[in-house]
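Undergrad: Fold the following, please.
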Amino acid sequence: MVDTTLSGESPGASSAFGEASCSDWRVRVDQLVEAQRSVAIALPINGLLTLLCAAVAWHAGATRMALLWLAASLSVNIARGVLQWRTRGRRSAATPPVTPAAVERQLRALWVVTLASGCAWATLPWLCALYTTQQSLFFLAVGCGITAGAVSHGGACARVPIAFITPPIVSTAIALLAVGGFDRTMLAATMVLYWAALVATARQAEATFRRASALTHCMATLNSSLESANASAQSTASEMRHRADHDHLTGLLNRAGFLRAAAAQMERAKPPFCLMLLDLDGFKAINDVFGHKIGDEVLVEVAQRLCSELPEDVLISRWGGDEFAVLLAADAALTPPLDLADRLIGAVAAPYPTFGTVARVGLSVGLHLTHDSEMPEMLSCADLALYAAKAAGRNRCHVFGDDLRSTLDLRRDIERDLPAALIRAEVDVWFQPMFGDGGTRVFGLEALVRWQHPTLGWIMPADLMATAAKAGFARPLMDLILDRVCTMIAALRERGVDHVTVAMNVSPREMSQLPVDRMILSALAERSLPPTALEIEITEETALDTADCARKLMALSNAGIRIAIDDFGIGYSSLSLLRTLKVDSLKIDRCFVSGLADSAGDQVLVKAVLNLGQSLRIDVTAEGVESIDDLRMLRTFGCQMMQGYHLARPMPMAQCLAFVADSQARSLAPGDDGVHRLAG
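TA: All right, here's what the predicted structure looks like:
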């Protein structure tokens, strides 16, 4: 901040600018520039008046005084001109002094030369013998005029015009008093009043100039701040729009951004359109074995590989988790959609630097080629094709066609009629017995949802569960199943069959979307049922899904509920999963058990799982026992627990309770086939 006490301006001007002290030096720069401008205007006038005064004195006979006056005045004016050139002529107004000290030095120098000029004009009375000659009126008028002009043109910095006007006015007043006389004394007093008025005018002009200058700078600063804020707001808004439409990890469009971009592109382009839904195979195992940090790196690498194989005008998004979506105009694609899908599968399947050949990542693709431009319809079709690709063995592409159209129509019918069916209690839960002791004794029951549609007939449980989850009916459907399961547990305990447990399936979507742990524990507590009477069957994919799912499973396991891995052998299970989760039972998938006697490969796998269970002290149940040959082979391997249509089919609750009671009451009789089967 400039030291205003040394700068010479009035206290009033300084106090007027107390509020603008942060930019005071910029105001001082404006004062300097304006003062230099006024000097540039005054110098030619000052020079002309100097010549006129010298000429009048010369004409009046004061030759020596005229020459001295002319020399002194011209010398000062030359000094002022040199200073003006040095401080202003070498730079433009756009490049003012950069420091307050430099501003003050230049103002001080300007004040000094201006004071010198004022002192030169203070000798004016001696040109007319102290205003006693007939030329006195001329010199008095010139003195008053030049002092008034100095104030009117130099009001930006008061001390500069004050330095100029004070010496000549004081010398004039002194000269008038020295000569004496009433008129001259009054004129001297008038000169003093004249000086005071000029000083006040100069100070007031400076205060006004400083206020205007400060306001200008404040407005400029405010305008700059507003422009900066506006630019920042626009940048922030742009960034927020980008974040709202893009995935933070891969940089691809997210689901919302993809849908918006797809709608715009489909308005511009002409059909047919191709929509691909892509889902990574084996990615959850990567997360489980190598950790989520490596999993994120794999997702970024996958995104880069997909983008490198796709044309520039193709939309790609991270649809969610390890899923991606691709939209392209099929008629404009350089590569046929099926060939493009195969290229994407190949690109994703290539080894990754992070883990090389230790683990593999595959890609399943659901492809829908259509002339329709309705995105919901396209998504439904592509999603069903993706489901078919995974069911067919993964790491492949499946195209939506007539074979899936009936399935899509079925799911829509289910979605349409399911709410009413739940209200009318048309959806029921049946139970299929599970056997121990080599298939001779019931040790558990598996709850299976059943719905006989009025026109479609029996609905497959997988279709029912998938449609319910997608349509938002997962919670009421699970509440129904849980209620029937608890009712069955209570009925078994009433009949004294405490050793028979009841198992219920929980899908990946239910585990991730619903508070499964709280729902189950609350239902058991409300009926005072022991948690040990219940078993939860989950798929391997569910166990590996997310940390939240693992937390829910651990809460159930810690409460005493048994955890079983269903369909073991076709998913992503690892020894680390069996070790970290308190898994109580494995259920070998039916695809390895049905026809076991005729498949050497399946026999090897079943033996391996049985040995694994024995080593880890985990129960192993063989699902899908469909024939006596399968039963005999399992017994040969030492398998004690089995389930399948050859032993017992699913049945309604009342019939199942009767079956359990009958199996406990009646003795086992040898069959014609030489193996023991439950009588009845």
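Undergrad: from here on, contacts and neighbour counts on C-alpha atoms
TA: OK.
Undergrad: residues touching residue 438, list them.
TA: Contact partners of residue 438, counting by CA atoms under 8 Å, 6 or more residues apart in numbering, are 635, 638, 639, 640, 641, 642.
Undergrad: Same check on residue 538?
TA: Taking CA under 8 Å, 6+ apart as the test, what residue 538 contacts is 505, 506, 507, 508, 563, 564, 565, 566.
Undergrad: partners of the strand or helix carrying it in the sheet?
TA: Assessed by DSSP states H and E, residue 538 sits inside strand 534-539. Strand 534-539 pairs in its sheet with strand 501-506 (parallel), strand 562-568 (parallel), by DSSP bridges.
Undergrad: Just the CA atoms of the first one, as CSV, please.
TA: Okay, so that is strand 501-506. Taking C-alpha atoms only, strand 501-506 is exported to CSV below (Å, rounded to 0.1, in the frame of the first residue of the first chain):
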residue,chain,number,x,y,z
THR,A,501,-33.7,-78.9,7.6
VAL,A,502,-35.4,-76.7,5.0
ALA,A,503,-33.4,-75.0,2.2
MET,A,504,-34.4,-72.0,0.2
ASN,A,505,-32.7,-70.5,-2.9
VAL,A,506,-31.5,-66.9,-3.0
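Undergrad: what does that strand contact?
TA: 443-448, 481-482, 485, 488-489, 532-538.
Undergrad: ok, 6 Å please
TA: Identification of contacts with strand 501-506 by CA atoms under 6 Å, 6 or more residues apart in numbering yields 444, 445, 446, 447, 533, 534, 535, 536, 537, 538.
Undergrad: can you give me how far it is from the chain middle?
TA: The chain centre lies 41 Å from the centre of strand 501-506; the measure is CA atoms, centre = their mean, to the nearest Å.
Undergrad: cool, and stretch 638-654?
TA: A distance of 52 Å separates the centroid of the chain from that of stretch 638-654, by CA atoms, centre = their mean.
Undergrad: now for that stretch, what's the gap between its first and last residues?
TA: Stretch 638-654 has its terminal residues 32 Å apart, counting by CA to CA, to the nearest Å.
Undergrad: model confidence over stretch 522-533, on average?
TA: Averaged over stretch 522-533, pLDDT sits at 95.
Undergrad: Need the CA coordinates for it. CSV is fine.
TA: Extracted C-alpha coordinates of stretch 522-533, given in CSV (Å, rounded to 0.1, in the frame of the first residue of the first chain):
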residue,chain,number,x,y,z
SER,A,522,-36.6,-61.3,11.4
ALA,A,523,-38.9,-64.0,10.0
LEU,A,524,-37.3,-66.7,12.1
ALA,A,525,-37.4,-64.6,15.2
GLU,A,526,-41.1,-63.8,14.8
ARG,A,527,-41.9,-67.5,14.9
SER,A,528,-39.3,-68.4,17.4
LEU,A,529,-37.7,-70.8,15.0
PRO,A,530,-34.0,-71.9,15.4
PRO,A,531,-31.7,-70.6,12.6
THR,A,532,-30.1,-74.0,12.4
ALA,A,533,-33.3,-75.4,10.9
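Undergrad: Residue numbering should commence at 38 henceforth.
TA: Okay, residue one is now 38; in that scheme the one you just asked about reads as stretch 559-570.
Undergrad: now what about it, what contacts it?
TA: By CA under 6 Å, 6+ apart, stretch 559-570 touches 538, 597, 598.
Undergrad: Would you mark the buried spots in it?
TA: 560, 561, 566, 568, 570 (16 or more other CA atoms under 10 Å).
Undergrad: For stretch 98-114, the averaged confidence score.
TA: 82.
Undergrad: meant to ask about stretch 533-543, not that
TA: 92.
Undergrad: where along the stretch 488-637 of the chain do the helices fall?
TA: 498-508, 511-531, 545-550, 553-563, 577-580, 584-595, 612-617, 627-630, 637-653 (DSSP state H, counting those that start in this stretch).
Undergrad: how about TSV for those, with distance to residue 223 added?
TA: Shown next, in TSV, are those (distance: least, CA to CA, whole Å):
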stretch	distance to residue 223
helix 498-508	107
helix 511-531	108
helix 545-550	103
helix 553-563	107
helix 577-580	111
helix 584-595	102
helix 612-617	112
helix 627-630	128
helix 637-653	124
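Undergrad: List just the one of these that sits closest to residue 401.
TA: Distance to residue 401, taken as CA to CA, is lowest for helix 577-580 among those, at 15.2 Å.
Undergrad: pLDDT of stretch 479-492, averaged?
TA: For stretch 479-492, the per-residue pLDDT averages 92.
Undergrad: And for that stretch, what's in contact with it?
TA: Contacts for stretch 479-492 (CA under 6 Å, 6+ apart): 464-473, 495-496, 498, 537-541.
Undergrad: And stretch 222-235, by the same measure?
TA: By CA under 6 Å, 6+ apart, stretch 222-235 touches 210, 213, 214.
Undergrad: Just the closest of those to residue 271, please.
TA: Checking the contacts of stretch 222-235 one by one against residue 271 (CA to CA), the nearest turns out to be residue 210, at 66.8 Å.
Undergrad: Setting the sequence-adjacent residues aside, check what's closest to the closest one.
TA: residue 225 (4.4 Å; CA to CA, 6 or more residues apart in numbering).
Undergrad: and that neighbour, what element?
TA: Counting by DSSP H and E, residue 225 is part of helix 219-282.
Undergrad: Could you give the average pLDDT over that helix?
TA: Here the average pLDDT along helix 219-282 is 86.
Undergrad: Could you point out the helix or strand that follows that helix?
TA: That would be, after helix 219-282 and using DSSP H and E, helix 292-305.
Undergrad: Which of the residues in that next one are classified as buried?
TA: Per 16+ other CA under 10 Å, helix 292-305 contains these buried residues: 292, 294, 295, 296, 298, 299, 302, 303.
Undergrad: With only the CA atoms kept, save stretch 364-381 in CSV.
TA: Extracted C-alpha coordinates of stretch 364-381, given in CSV (Å, rounded to 0.1, in the frame of the first residue of the first chain):
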residue,chain,number,x,y,z
LEU,A,364,-24.8,-49.5,-30.4
LEU,A,365,-24.0,-49.1,-34.1
ALA,A,366,-25.9,-48.5,-37.3
ALA,A,367,-25.6,-51.9,-38.9
ASP,A,368,-25.8,-50.7,-42.5
ALA,A,369,-23.0,-48.2,-42.0
ALA,A,370,-20.7,-50.7,-40.2
LEU,A,371,-17.6,-51.7,-42.1
THR,A,372,-17.6,-55.1,-40.3
PRO,A,373,-20.7,-57.3,-40.1
PRO,A,374,-22.1,-57.2,-36.5
LEU,A,375,-21.4,-61.0,-35.9
ASP,A,376,-17.8,-60.6,-37.1
LEU,A,377,-17.4,-57.5,-34.9
ALA,A,378,-18.7,-59.5,-31.9
ASP,A,379,-16.2,-62.3,-32.5
ARG,A,380,-13.4,-59.7,-32.7
LEU,A,381,-14.5,-58.2,-29.4
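Undergrad: What is the distance between that stretch and the centre of its chain?
TA: For stretch 364-381 - counting by CA atoms, centre = their mean - the centre lies 31 Å from the chain centre.
Undergrad: Geometrically speaking, which residue is the centre of the protein?
TA: By CA atoms, centre = their mean, the chain has its centre lying nearest to residue 280, at 4.2 Å.
Undergrad: ok so, going back, are any of the contacts of stretch 559-570 buried, and which?
TA: Using 16+ other CA under 10 Å, the buried ones in those are 538, 598.
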